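below are the sequence and a predicted model; questions follow.
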Amino acid sequence: MYSWFVVDGDKVFIGTADVRHQWVKNVQEDPRIKLSVGGKKFEAEARFLDDAAECDRALAATGRKYWMYSPVFALGKLLTALGLMRNRTGAFEVTLLAG
């Protein structure tokens, strides 16, 4: 599976546009994950960001990395503010495990 990720300082975040996806539920149930980046494999633990400020930080970092999608992000925020769409975005903070 491919996903949006971003490194922000010493933090790694994985974002989702819809927290109802099955992979999100799976990771919430079992937070131990495996990552493959540039052919290298890592074991990690993912913590779902329930705190709004933490989630906003992660999603803002995602927006900076994937700036080319900013019109889509802005449209989503507008539709949410107008009550025409629900905000179902979310994020995980990822901690690499020693190994």
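Looks like it came in fine.

C-alpha only now, for contacts and for neighbours.
Fine.

look at R20 and say how many residues are nearby.
Neighbours of R20 under the rule other CA atoms under 10 Å: 12.

mind listing what it touches?
R88 (CA atoms under 8 Å, 6 or more residues apart in numbering).

in three-state terms, label it for me.
Three-state assignment for R20 (DSSP: H, G, I helix; E, B strand; the rest coil): coil.

just the pLDDT for it.
For R20, the model assigns a pLDDT of 95.

so how far is G90 from it?
Distance, R20 to G90, by CA to CA, to the nearest Å: 10 Å.

excluding sequence neighbours, find me the nearest residue to G90.
Leaving aside its sequence neighbours, G90 sits nearest to T16 (CA to CA, 6 or more residues apart in numbering; 5.3 Å).

quick check: the one you found touching W4?
Yes: T16 is within contact range of W4, at 7.2 Å (criterion: CA atoms under 8 Å).

more neighbours: which of these two?
A direct count of neighbours by other CA under 10 Å for T16 and W4 places T16 higher, at 18 against 13.

let me see the contact set for that one.
Contacts of T16 by CA under 8 Å, 6+ apart are 3-4, 24, 89-91.

filter these to the buried ones?
24, 90-91 (16 or more other CA atoms under 10 Å).

what segments of this protein are helices?
Secondary structure of the chain (DSSP state H): helices at 22-29, 52-65, 70-81.

determine the longest strand present in this structure.
Assignment by DSSP state E gives strand 40-48 as the longest strand of the chain.

hey, which of the helices of the chain is tucked in deepest?
Mean neighbour count (mean count of other CA atoms under 10 Å) peaks for helix 52-65 among these, with a mean of 16.

and it, how far out from the chain's middle?
8 Å (CA atoms, centre = their mean, to the nearest Å).

now that helix: average pLDDT?
Averaged over helix 52-65, pLDDT sits at 90.

sorry, back to before: could the buried ones among the contacts of T16 go into JSON lines alongside distance to A61?
JSON lines is the format used below for the buried ones among the contacts of T16 (distance: CA to CA, whole Å):
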{"residue": "V24", "distance to A61": "19"}
{"residue": "G90", "distance to A61": "13"}
{"residue": "A91", "distance to A61": "11"}
